[in-house]
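Visitor: what follows is a predicted structure for the sequence shown.
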Protein chains: 2
Amino acid sequence: MKQFCFSNDRIIDSKNASIHPMDIGLIRGYGIFDFFRTSGYTPLFLTDYLDRFIRSAEKTHLKLDFSKEELAQIIHDLIQKNDLEQGGIRMLLTGGVSDNHFSPTEGSLFIFCEDLDFPAPYKYENGVKLLAADHVRAIADVKTTNYAFPVWHSADWKKAGAEDVIYHHNGFISESSRSNIFVIKNDKIATPDQNILHGITRKRVLELNKKIEIRPISFDELIDADEVFMTATTKKILPVTMIDDLKIKDGKPGPKTIELMAAFSAMEKKNALV
Amino acid sequence: MKQFCFSNDRIIDSKNASIHPMDIGLIRGYGIFDFFRTSGYTPLFLTDYLDRFIRSAEKTHLKLDFSKEELAQIIHDLIQKNDLEQGGIRMLLTGGVSDNHFSPTEGSLFIFCEDLDFPAPYKYENGVKLLAADHVRAIADVKTTNYAFPVWHSADWKKAGAEDVIYHHNGFISESSRSNIFVIKNDKIATPDQNILHGITRKRVLELNKKIEIRPISFDELIDADEVFMTATTKKILPVTMIDDLKIKDGKPGPKTIELMAAFSAMEKKNALV
């Protein structure tokens, strides 16, 4: 956590940030957030993230007191004050302290700057393992703070040597806890569209390759794929080479994934220079 | 919210209670709680609630620094300081501020005293309406703070004149957002056991009538029931007379429900006098 954060209406010392524990953000887990990166002091794909944050607030009936332009200005000020050349920015909007301890009311807005570590290089080189779990995220198309299941389940990932989870239900896959999933078979790339958060990195990958199919993907297809990868702000494109104890093909990152990783890096560098 | 609360290790003014917004209780919705009532300055069924709170902490890998006996003493002190003859007591344990913003660490414990309003008398006389929703609560047997779905969905209840939601999935019902459900047909009472929180009021009702069947209940059975009621700490036994736009039988609270409501009141009075 970097020294300065935005709290409701002003920039303060992050250590002094506080919220009342009766906020339904805490007692009912009702809040939204978003998270993006800076590169060379530039927030990457900022418009996309701000659009999504504003949409999340609308969909959860939470009042946001700032316009997109005002939020962008606050973020630029914070980047300067925190000297955040490379790092992560977390925006959080809570449900507020409510008379009936349930219904949303006037909440609190926070923006924090953070150090950001990508997965270790060997994970990009070897790929990672995901643990399958039958789960559907509630209100999946909204970036809520509702991560109770994966935080609880993460004790199992660690035991299994897995990087994260992959959700499936009724035979179809959706997403990982904080990443989207892509599956490649016979040079055709596909990604699901149901019960997922529409990731900004996912959106960029779909721009990089217009032929990617957006359609339901069964768990059997996942297991039978030639290549699998996940996308996330904090991971970019990360190869997935194992699901539970099953290897994807020969258990190594495949050529299509490696090609997209390079293309994504190039796109990102271009964006950071704008 | 009453004047005094317990915060981590001491009794403080409730207005001054605070938590850092980077606690995963807030940014990941990872925390547990429990809620019970006082009657005549006596916490009702306290042992059951404390046992459940301690079990919730264990199941979510959250460290609780106080024993059951110590918690009971703190609660008794708070009741005296707040002069809480009748009211609600909320215990909350959060996941803590975590280096990776995800894994549980040392959290914060709060205990608040609150005013408590039961549903209006006409709701007990006429019964209430529930709105059906396809949903399964994650880690349902643990009292987590994970209420993102029902808080979001509650905007629909209000529009529909419903009191709350009833969850169903794959044709079977589980629970309401903060209540258990009982179904009566041909004088036989049944309640589900899967994907539910095991309510303390539910437990008391099962003690009042040892013949209640604990088994899966289909949505069709619910709709076709003679009587339906819900149980909760904040509702006791509340008749349910409508699901969406379908009346349960003649749309009035039935004799078996009314009988149990009286028996529960008698049991509670006895407990408060102990």
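Guide: Happy to help now that I have it. Numbering: from 1, shown residues only, chains lettered A, B, ... in the order given.
Visitor: could you use CA atoms for every contact and neighbour count after this?
Guide: Will do.
Visitor: wait, a helix at residue A:63?
Guide: No - under DSSP: H, G, I helix; E, B strand; the rest coil, residue A:63 sits outside any helix and is assigned coil.
Visitor: which regions of chain A lie under the pLDDT threshold?
Guide: Along chain A, segments meeting pLDDT under 70 span A:273-274.
Visitor: flag every residue of it that's near chain B.
Guide: Residues of chain A that fall close to chain B, judged by CA under 8 Å from any CA of the partner chain: A:15-21, A:25-31, A:33, A:60-61, A:92, A:102-104, A:110, A:135, A:138-139, A:144-149, A:151-152, A:154.
Visitor: show me where the stretch 151-274 of chain A has its strands.
Guide: A:164-169, A:172-176, A:180-185, A:188-191, A:213-214, A:227-232, A:236-243, A:246-247 (DSSP state E, counting those that start in this stretch).
Visitor: from the residues of chain A next to chain B, list just the buried residues.
Guide: A:17-21, A:25-31, A:33, A:60, A:92, A:102-104, A:110, A:135, A:138-139, A:144-149, A:151-152, A:154 (16 or more other CA atoms under 10 Å in any protein chain shown).
Visitor: filter the residues of chain A next to chain B down to the ones in helices?
Guide: When the residues of chain A next to chain B are checked against helices (DSSP state H), the matches are A:25-27, A:148-149, A:151-152, A:154.
Visitor: tell me the one of those residues nearest residue B:196?
Guide: residue A:149 (15.1 Å; CA to CA).
Visitor: who touches the closest one in this structure?
Guide: Neighbouring residues of residue A:149 by CA atoms under 8 Å, 6 or more residues apart in numbering or on different chains: B:138-139.
Visitor: quick one: which of the ones in helices among the residues of chain A next to chain B is nearest residue B:202?
Guide: Minimum distance to residue B:202 across these is 22.4 Å, recorded for residue A:27 (CA to CA).
Visitor: got the domain ranges for chain A?
Guide: A:4-114, A:121-273 (automatic domain parsing).
Visitor: ok, back up a step: now the strands of the stretch 151-274 of chain A in a markdown table, with mean neighbour count?
Guide: Output for the strands of the stretch 151-274 of chain A, formatted as a markdown table (neighbours: other CA atoms under 10 Å in any protein chain shown):
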| stretch | mean neighbour count |
| --- | --- |
| strand A:164-169 | 22 |
| strand A:172-176 | 25 |
| strand A:180-185 | 23 |
| strand A:188-191 | 19 |
| strand A:213-214 | 15 |
| strand A:227-232 | 25 |
| strand A:236-243 | 24 |
| strand A:246-247 | 14 |
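Visitor: can I get those strands in a markdown table with distance to residue B:186?
Guide: What follows is the strands of the stretch 151-274 of chain A, written out as a markdown table (distance: least, CA to CA, whole Å):
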| stretch | distance to residue B:186 |
| --- | --- |
| strand A:164-169 | 36 |
| strand A:172-176 | 40 |
| strand A:180-185 | 50 |
| strand A:188-191 | 50 |
| strand A:213-214 | 50 |
| strand A:227-232 | 53 |
| strand A:236-243 | 49 |
| strand A:246-247 | 51 |
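Visitor: among those strands, which is nearest residue A:39?
Guide: Using CA to CA as the criterion, the shortest distance between residue A:39 and the strands of the stretch 151-274 of chain A is 13.1 Å, found for strand A:236-243.
Visitor: by how many degrees do the closest one and strand A:180-185 diverge?
Guide: Using axes from the mean of the first three to the mean of the last three CA atoms, to 10 degrees, the inter-axis angle of strand A:236-243 relative to strand A:180-185 is 60 degrees.
Visitor: using PDB, write out the CA atom coordinates for strand A:236-243.
Guide: Presented in PDB, the C-alpha positions along strand A:236-243 are these (Å, rounded to 0.1, in the frame of the first residue of the first chain):
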ATOM      1  CA  LYS A 236      -1.600 -10.500 -18.500                       C
ATOM      2  CA  ILE A 237      -1.700 -13.800 -20.400                       C
ATOM      3  CA  LEU A 238      -0.700 -16.800 -18.300                       C
ATOM      4  CA  PRO A 239      -0.500 -20.300 -19.800                       C
ATOM      5  CA  VAL A 240      -2.500 -23.000 -18.000                       C
ATOM      6  CA  THR A 241      -1.000 -26.500 -18.400                       C
ATOM      7  CA  MET A 242      -2.800 -28.600 -15.800                       C
ATOM      8  CA  ILE A 243      -6.400 -28.900 -14.500                       C
END
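Visitor: what does that strand rub up against?
Guide: Taking contacts as CA under 8 Å, 6+ apart, the residues outside strand A:236-243 that touch it are A:123-124, A:126-132, A:201, A:223, A:227-231, A:247-249, A:251-253, A:257, A:260-261, A:264.
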